[in-house]
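[1] What follows is a predicted structure for the sequence shown.
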Amino acid sequence: MSAIVCTDLCKFYQQGDAVIKGLDHVSLEIEEGSFICISGPSGSGKTTLLNAIGGLDSLDSGQIAINGERVDLLGKAELADLRLHSIGFVFQAYNLIPVLSARENVEFVMQVQGVRAAERKLQSMKILQEVGLEGMEDRRPAQLSGGQQQRVAVARAIVSQPKLVLADEPTANLDSQSMEKLMAHFRELNEAHKVTFLIATHDQRVMAWADRRIYMEDGRVTRDELQ
Amino acid sequence: MAMPVAAMSRLAWRNLWRNYRRTVIMLLAIALGVWAMIFMTALMRGMVDDMVQQGIVALPGHVQVHAEAYRDDPSITHSLPAPGKAMLEVLESRQVIAWSSRIKVPAMISSEYENRGISLLGIDPEGELALGFDPDDIVAGQFLTDAGDGGVVIGRKLAERLETRLGKRVVVMSQDPGNTIADRGFRIVGIFKAELENREETIVYAGRDVVQAMLRVGNDVSEIAVLGHDYRTPEKLAADLGDAAAGFEVLSWLELDPYLSTMMKVMDGFVLVWMVVIFLALSFGLVNTLMMAIFERVREIGLMRALGMRPSAIVYEILVESLMLLALGLLLGNVLAVSTIIPLKSGIDVSVVAEGMEMMGASSMLYPVLQWPDVLLANAVVIVLGILTSLLPAWRASQYRPVEALARN
């Protein structure tokens, strides 16, 4: 069954007199449990595609369905609920809440979901240990390095085991060893829990982990190949 | 989905303190505003209360019974008999603290040097003291001993004007019901002081029985003054007395002194307007603080929206943040107000503006009156208007599109 169906997605931006094609008639079908990397030069539309699928950005035309539910027709509150319960985001910039500690950042989504405190603590400590941040749980983002912050953001995205993880350059600030560990963790989640991963990256080492690679340029899908 | 109250409240509290200096400045501004609301209201209440109390002592009593035409022509012609059985039942009831029947007529007083127009009060001293005459106001000599006392007690100012003193004789002259001159010589047995200079200059106390005899009116009196339990609600007492005193005019002090009663009535409205005006000044700071706090973290708001927070949760977080700021400011303001009012309970000497105060009917000592309903009103105004004022920044924050907010630096 297709987890995500994108049909003829268009998103254009006006920049002065020029029209920038964010998404230019993009159609995709993504199976449940896929592990997909999207690659392409800057401005090729990778982030726009992830934002559109996650309901963070609106489309000019086209349809997106996640597990049969039309995302492009949902209101703000329904989109928020979809993101809260079904989608984990890892952003290009780590985007942590600065007034919360690493553990509180990881727990935040679970807390909003209504997960009990003891369960939240157990899960967040476990995931922080897995991403190599044991002993740093109580540090605020400003007290962590860029790589450490990115690992907190990753932990936050996957801690509640969403059905879909949208990751935009998740390894941009990680060293090789950390990157390998993170990708291995993604893969493990993908295989054990059938979590669908859609990862935008420039990094060929990350691409190597994917079982499907999508290449984009000027808002169009130029290549779509299975591993 | 239920509102993530705990998560958003913790976030609101932490956000409140991320710009420590700005929060402290805003807290001080709110505290100062609340202090001004409560402290100034206490002063205004104190002044109006004093004016009313002075007015009631001057009347005296909360309710008075007169002959129908007495207020138009307060001469002895318009007198009334001693209270009958029906009226005595009301006067002796539990709703009455004290009452006294008195003669009150215009008269002329003469010393060997000067003469003056006065209000001659023929009183029963026991009743007069119960109605509120303060024996400590006697600055020389003594107050009258009983209704048959043959002396007079005059005001300090009047003694100056008449160039007379304690122990001297004066002649008091008025008209009897037959419009014949009625006069009598009295010895000055006491001199009193009053908060209002006008009282010192125009009021002369004499024994009621002596004045009745001088005016040849038997047991008739000019008025019956009655003191109830609460000056703010004299209406029921007036109504009961009105039923028992058919044919006579029964009026509460609210009708007898419309200026004072209007002052008291507009006071509540004035207090509310005063508080709202102060809040309006405060609200600019509050909105500015919240807007600054929001502009500084647009990206975080976008993140929270991206992570699955509904717009309503963002509104809630900003409102809770505002509420915490307001609550802390209120706490500080209340403590500040109470701790500055309580030490001033014994009065603030405003004798430098005594003449102006007297023109308004208030004394030269100002006693702040801290009323808990006023404190509650100040708190309610700040909380309710504060939350309403915060709605705009909160709503604006909730309307950011996640993708645009996340792209902000």
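    Nice, thanks for sending it over.
[2] and B:Ile314, helix, strand or coil?
    The local conformation at B:Ile314, judged by DSSP: H, G, I helix; E, B strand; the rest coil, is helix.
[3] what's near enough to touch it?
    Residues in contact with B:Ile314 (CB atoms under 8 Å, 6 or more residues apart in numbering or on different chains) are B:301, B:304-305, B:394, B:397-398. (C-beta placed from N, C-alpha, C; glycine too.)
[4] what's the closest of those to B:Trp274?
    B:Ala394 (27.5 Å; CB to CB).
[5] Where does the closest residue to that closest one other than its chain neighbours sit: helix, strand or coil?
    In this structure, B:Ala394 finds its nearest non-sequential neighbour in B:Ile318, 3.6 Å apart by CB to CB, 6 or more residues apart in numbering or on different chains. When classified by three-state DSSP, B:Ile318 comes out as helix.
[6] any chance of the contacts of B:Ile314 in JSON lines, with distance to B:Asn334 too?
    Shown next, in JSON lines, are the contacts of B:Ile314 (distance: CB to CB, whole Å):
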{"residue": "B:Ile301", "distance to B:Asn334": "32"}
{"residue": "B:Met304", "distance to B:Asn334": "33"}
{"residue": "B:Arg305", "distance to B:Asn334": "37"}
{"residue": "B:Ala394", "distance to B:Asn334": "25"}
{"residue": "B:Ala397", "distance to B:Asn334": "29"}
{"residue": "B:Ser398", "distance to B:Asn334": "31"}
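[7] helix or strand for the residue nearest to B:Val221 when sequence neighbours are not counted, which one?
    Nearest non-adjacent residue to B:Val221, counting by CB to CB, 6+ apart: B:Ser101, 4.2 Å away. B:Ser101 belongs to strand B:98-110 when elements are defined using DSSP states H and E.
[8] How about A:Phe197?
    Assigned by DSSP H and E, A:Phe197 falls in strand A:196-200.
[9] so what secondary structure elements neighbour that strand?
    Counting contacts by 3 or more CB pairs under 8 Å, 6 or more residues apart in numbering or on different chains; DSSP states H and E, strand A:196-200 is packed against strand A:2-15, strand A:18-31, strand A:35-39, helix A:46-53, strand A:164-168, helix A:176-193.
[10] can you tell if the second one touches chain B?
    Translated: strand A:18-31. No - applying CB under 8 Å from any CB of the partner chain, one finds strand A:18-31 separated from chain B by no less than 10.6 Å.
[11] cool, the fifth one as well?
    No - with CB under 8 Å from any CB as the criterion, chain B is not reached by strand A:164-168; the gap is at least 9.8 Å.
[12] any idea of the mean pLDDT in that strand?
    Averaged across strand A:164-168, pLDDT comes to 93.
[13] do the first one as well
    Rounded to a whole number, the mean pLDDT of strand A:2-15 is 89.
[14] Just the buried residues of it, please?
    For strand A:2-15, the neighbour count (16 or more other CB atoms under 10 Å in any protein chain shown) marks A:3-6, A:9-11 as buried.
[15] Let me see the domain layout of chain B.
    Following automatic domain parsing, one finds the domains of chain B at B:5-55+B:261-406, B:60-256.
[16] Span of the last one from start to end?
    Using CA to CA, to the nearest Å, the end-to-end distance of domain B:60-256 comes out at 10 Å.
[17] next one: stretch B:76-88
    Here the two ends of stretch B:76-88 are set 22 Å apart, with distance taken as CA to CA.
[18] Across the sheet, point out what pairs with the nearest residue to B:Val96 once chain neighbours are set aside.
    Using CB to CB, 6+ apart and skipping residues adjacent in sequence, the residue nearest B:Val96 is B:Val226, 5.7 Å away. As for beta bridges, B:Val226 partners with B:Val63, B:Trp99 under DSSP bridges.
[19] How much space separates B:Val226 from chain A?
    B:Val226 sits 66 Å away from chain A, going by CB to the nearest CB, to the nearest Å.
[20] got the contact list for residue 206?
    Let's take chain A. A:37, A:170-171, A:179, A:183, A:199.
[21] meant chain B, my bad for not saying
    B:120-123, B:144, B:149, B:151-153, B:172, B:186.
[22] That one belongs to a strand, doesn't it?
    Yes - assessed by three-state DSSP, B:Ala206 belongs to a strand.
[23] can you redo the helices and strands packed on strand A:196-200 as CSV with distance to A:Arg83?
    Listed next are the helices and strands packed on strand A:196-200 as CSV, based on distance: least, CB to CB, whole Å:
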stretch, distance to A:Arg83
strand A:2-15, 14
strand A:18-31, 17
strand A:35-39, 19
helix A:46-53, 11
strand A:164-168, 9
helix A:176-193, 18
